[in-house]
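> this one's sequence-less:
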């Protein structure tokens, strides 16, 4: 069970995601509710090593639930991968009398937490915060829903101009290893085709599909492409190839990039972040450690950090089928 | 099992909800994919009685996935509650050679479908489309997520002015019988208190809570009130009562009203509508009837229409607790 | 010419408006650019009386250009209407060694500034910040453009549901004495009729117009009503009257209220606020006083505060005509 | 004066812009108001050559004021540059008994109109519709204000992630020959530097400015770059150069691309389009031709098409200065 928790540290680490501030707010206020001190750790593990801490009261997190980014900033830290780095971090935590950590981030964040917990037996709970939704142990990660809305709103705009000019657009969205954003936003935006890392459609089938789409009377088309799609070309080469081989459309490319990480979080992400933040604090106070909190079947549930990192969150193949049917 | 389905009718009925067009599109395209004809029925059951039909091909539903409202319009029909009305409806369906119906709407819509099915043994599948989320047999109804985002965006704006002036705002949101919108949007908007039909907080506790909130250093506050809250006063009377008895805030009221029903659907609602629309068609082709399709644990699942209507979709009490903790 | 300006105070007063923060930022950074100190005065004239001041450097106003509300808060002050109140204010200014004031607000704000200037010969420059656009000496006030977009986006949503249900909506927007918001947002939202304080349409003509609109094949209609419209009924009574006398539409009412004051400012308002803020500081440094800066013919120009307060900014009658033509 | 106008054709040509639909609606409804027939010409000059026409009544343009793109589609036509092409176009116009044209677009569109008018003495009025704002004879082109809001909203999102990670972003916006979008959106988004075609800042000054910005305590920075900026590198090369030579920031690039052309128009653009559309029809009915309608000093005013094409709409140098001051 370990000793009584009197002070909890909270940090964000890895790529930022909309809703991280809502999660920070939830952790801080839950600490306040349970009469536990809360310390914000800046710039993730690097701030842990540097002792970059600030006490946070319930009022410090007023009016941040609606803001993108993270008030605690985030960074990647190579130093934390070294024993020396982690020793410094531990020293700072002890000096500050911090008893436990809430880690908001993705796989890398959780791996860091596990290693640290193994070495120092330091209580850690993880909260999945990443737009990519590629975390095992939760149906949704914080930021995913907002990113989908951002992508869909942008593609709605691109469709305005695509259909005014009868053009074919390739729209690249984030997702180096996982197609969640591409698949969901593709269905939501009414894309004709969706190219994801998990599925190699092949160039021939893509061309065939776009030809069929043109024959069926569509004057414009959108293809959504995840960064890490399996077709083996970058999106500009892909567009060139299609333009040369299809000769039916003017082809254009749009790479959405970092805007997908920002923006005011959706209601869904704010509620999710609030629920997970409260739960993380309650678990620590209850003596738990080495867990990730997630949402499964609309209930907050826990997964071992190790399983969260090693497990694979598979995409929903039903959605691929729905996409196929919709693009008729 | 009944005869082979060759033509499917689709309608929207009851209050409109964002994502209804995405559901119509999904039904039409799924019909096209399975080589079944599709007929749009205008103005819900009233259009059924009037024979207000139009054949819909895959191209008729281009560029509607992102549009609020319903291209098929919607209406309430007293005539359909009569045997004569339903007889007319049946005659029009027979004349048009429509073999089955997809009904997009809420409780009233499904009740109509059940009665009609009982009388004429006419295959019907229901899709839950309402912003209220008050349907048993699905975690989410189509339109709920969009309405939450609309409410939260508006309250974000109100908070700007509330905190500039140190004011207390009562914001009334939709929900005559169910507090789903108030509860989720209240948590998402960081409301200090949330008043819902399912829970009678009592005036004394409300005043006490607002006083505590002021003492804790908050300069402004938002109270989210569902239309059908149990406190027994309308929102203007409630605001007056609080202003007189609290004397610490200038109090203002905002009634959000019908804007909550409109707007471009969120990605979540578009994906949900697409999945349910496809599934409804597939179920009809598979000989099923009298079912509602819904999303449970992120999977499309079916519920008898009767259970969907009679069952009660309870609010999530964990969220009430999260709201309490967040408003410290 | 007066003595050299070394320290400038800035405040927001009256109703808040989107873009006030962008104006504060511009004043602070212009001070920094010209090596002048800048002091933020909280809660308008009341904060002046209370000595509620804070030194502001260029970094204090980072990341506020996009935020609604005002970080300096705003209030109405009866005490400043008294000689004693103003004497206190003057004492605080002297103690803080503030040499000049930038006043962001509307008519009431400028009147306060004039009175103060007359009594104490204290340099003041006004910046028009109000959503109402009812200030003489500028084509646009800060916040007006954002409020128009807010109103138009909300009416777009209401139109979704209006046209799904074939309804007539009365939408009340801000503007007790001036119809700028109603007129511009009405044209922008494609309203059938626009009722403003400057023009008494009369109930008969309104009914006639709505009948004609119905006859011409419109299935739904929006009437935009300014708070202070001249028809002599509140919007609910008006809607009742029309429903009873027209009997062709279901009628609904939506009162937009305070959401119109909030939200992230539009690009137009941010640029306007930046230009006016810089100009206000430069004028003070140039020894000017008792002026309001405004935008006329896309150039920053000045008007005596007295003229700004006494002058009348007339609505654009061409827009009324355009509205008439559009609603055919 | 020429013969009486009984039928007016309307087209959109060149790149599409938000608000083109509002302009089409205004032209159609003004025709209806003045009892003149209106014909929509699809795909710009190419549709003129192909006789791709459709009669438009007031009801055909319902519910399009809020939609991006153009319902009449747009295209570039090489054939219209030939005498043969224009002869075909004239023949179709005569056959359809169209007496005059309203041309919505930019420089290329107006040049086409002038040539056609010279050859066939065919009445033409131009309406400036382009996001670039690079047209002489109007303070604002239709679509410019909306594009600015789109850009600023996206940069707000990028700033969330930039400041969470302490990064420097280069954001490329549209504007091959003109810096209006970059300059206004740059000021509106609070960019540290703005690179435009009209002004060669030079690499050294850019580096110096970014160093100063870092020294002054800024943790993140945004540089807005117009496509056609004069620094002589594309935005990726520029970013590489800065990263190598500055060594203080992680540098990232975002190219906004075609999303800038789409989206629901702002209130400003809808009102502008409505005013210009009405005026274009009234001028034709008044026997005028070869003019462009524009907004100068908030009044609708006309310019000869030739001057509109040959004149140069200079950027506002005051804004460059404001940008400099703001980035302190």
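Looks like it arrived, so ask away. These numbers were taken from a predicted model, which means no experiment stands behind them.

> mind checking the longest helix of chain A?
Longest helix of chain A, by residue count under DSSP state H: helix A:144-165.

> what element comes up after that one heading to the C-terminus?
Sequence order places strand A:167-173 as the next helix or strand after helix A:144-165, per DSSP states H and E.

> next, the angle helix A:144-165 makes with that following strand.
Taking axes from the mean of the first three to the mean of the last three Cα atoms, to 10 degrees, one finds strand A:167-173 and helix A:144-165 inclined to each other by 160 degrees.

> got the contact list for strand A:167-173?
With Cβ atoms under 8 Å, 6 or more residues apart in numbering or on different chains as the test, strand A:167-173 has contacts from A:151, A:154-155, A:158-159, A:161-162, A:181-182, A:185, A:191, A:210, A:220-227, A:235, A:238-239, A:242, A:246, A:249-256, A:260, D:258. C-beta: built from backbone N, CA, C; applies to glycine.

> list the contacts for the nearest residue to residue A:202 once chain neighbours are set aside?
Leaving aside its chain neighbours, residue A:202 sits nearest to residue A:231 (7.3 Å; criterion: Cβ to Cβ, 6 or more residues apart in numbering or on different chains). Going by Cβ under 8 Å, 6+ apart, residue A:231 touches A:195, A:200, A:201, A:202, A:203, A:206, A:238.

> could you dump these to JSON lines with distance to residue B:87?
Shown next, in JSON lines, are the contacts of residue A:231 (distance: Cβ to Cβ, whole Å):
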{"residue": "A:195", "distance to residue B:87": "52"}
{"residue": "A:200", "distance to residue B:87": "55"}
{"residue": "A:201", "distance to residue B:87": "51"}
{"residue": "A:202", "distance to residue B:87": "54"}
{"residue": "A:203", "distance to residue B:87": "57"}
{"residue": "A:206", "distance to residue B:87": "52"}
{"residue": "A:238", "distance to residue B:87": "58"}
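
> strands - which of the residues you listed land there?
Within those, residues falling in strands by DSSP state E are residue A:195.

> list only buried entries from the contacts of residue A:231.
A:195, A:201, A:206, A:238 (16 or more other Cβ atoms under 10 Å in any protein chain shown).

> for chain C, state which of these is nearest.
The closest of these to chain C turns out to be residue A:195 (Cβ to the nearest Cβ; 32.6 Å).

> any idea what that closest one is bridged to?
Residue A:195 has these beta-bridge partners by DSSP bridges: residue A:225.

> I'd like the distance between it and chain D.
Using Cβ to the nearest Cβ, to the nearest Å, residue A:195 is found at 19 Å from chain D.

> other SSEs contacting the longest helix of chain A?
strand A:167-173, helix A:180-188, strand A:221-226, strand A:250-255, helix A:267-285, helix B:267-285 (3 or more Cβ pairs under 8 Å, 6 or more residues apart in numbering or on different chains; DSSP states H and E).

> what's the angle between the third one and helix A:180-188?
If I follow you right, that is strand A:221-226. Here the directions of strand A:221-226 and helix A:180-188 differ by 160 degrees (the same axes, to 10 degrees).

> contacts made by strand A:221-226 with the rest, please.
Surrounding strand A:221-226, the residues in contact under the criterion Cβ under 8 Å, 6+ apart are A:155, A:158-159, A:162, A:168-176, A:178-179, A:181-182, A:185-186, A:189-197, A:206, A:210, A:213-214, A:235, A:238, A:249.

> so is stretch A:62-73 next to chain C?
No - using Cβ under 8 Å from any Cβ of the partner chain, we find that stretch A:62-73 stays clear of chain C, coming within 9.1 Å at best.

> average pLDDT for that stretch?
For stretch A:62-73, mean pLDDT is 96.

> go ahead and flag the most central residue of chain A.
Central residue of chain A (Cα atoms, centre = their mean): residue A:130, 1.8 Å from the mean position.

> that one reaches residue A:15, doesn't it?
Yes - using Cβ atoms under 8 Å, residue A:130 is in contact with residue A:15, at 6.3 Å.

> between the two, what contacts are shared?
Residues touching both residue A:130 and residue A:15 by Cβ under 8 Å, 6+ apart: residue A:106.

> now the nearest residue to residue A:175 once chain neighbours are set aside: how far from chain D?
Closest residue in space to residue A:175, ignoring its immediate chain neighbours: residue A:226 at 3.8 Å, by Cβ to Cβ, 6+ apart. Distance, residue A:226 to chain D, by Cβ to the nearest Cβ: 18 Å.
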